[in-house]
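> no letters, just coordinates:
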């Protein structure tokens with residue numbers, strides 16, 4: 001994986017079109033040979049006051065939180081569902097998500113693009129709204 005400054009326009013594809021269109025707003029491009037796996041947390045909303053600030057900034061009332069999350073989830077899954085890729089709930093966060101994704105890719109002969117969406121409840125701190 002490499003971080004590149006500027007756009008590589010040697011090959012014309014959808015990504016290069018996107019980069020060219022939004023070049024003024026892009027600081028760099030992450031790219032890799034095959035796939036990128038990004039892990040992290042949204043620390044700003046991982047505690048109660050941060051979540052309250054986010055909801056206030058996005059003008060989401062607490063009474064509307066459930067429908068707001070449902071819309072976010074539907075929008076997030078729309079792309080993979082349009083491709084007919086599976087969305088699978090995992091009962092344990094201890095299973096290897098990479099192994100499951102590789103098995104799905106092998107079974108469905110997926111060689112490029114999204115393979116699946118795996119969801120589970122990860123162990124974490126929480127708060128009540």
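Arrived safely, thanks for sending. Note that the structure is a prediction, hence the values are computed from the model and not measured.
> measure the most centrally placed residue in the chain to residue 117 for me?
The centre of the chain sits closest to residue 76, judged by Cα atoms, centre = their mean, with a distance of 7.4 Å. Distance, residue 76 to residue 117, using Cβ to Cβ, to the nearest Å: 8 Å. From N, CA and C alone the C-beta is placed, and that goes for glycine too.
> out of everything not next to it in sequence, what's closest to residue 119?
Once flanking residues are discounted, residue 119 sits nearest to residue 89: 5.1 Å by Cβ to Cβ, 6 or more residues apart in numbering.
> what's around that neighbour, how many residues?
A count of nearby residues for residue 89, using other Cβ atoms under 10 Å, gives 9.
> what about it, distance to residue 72?
Relative to residue 72, and taking Cβ to Cβ, residue 89 is found at 17 Å.
> next one: residue 98
Taking Cβ to Cβ, one finds residue 98 at 25 Å from residue 72.
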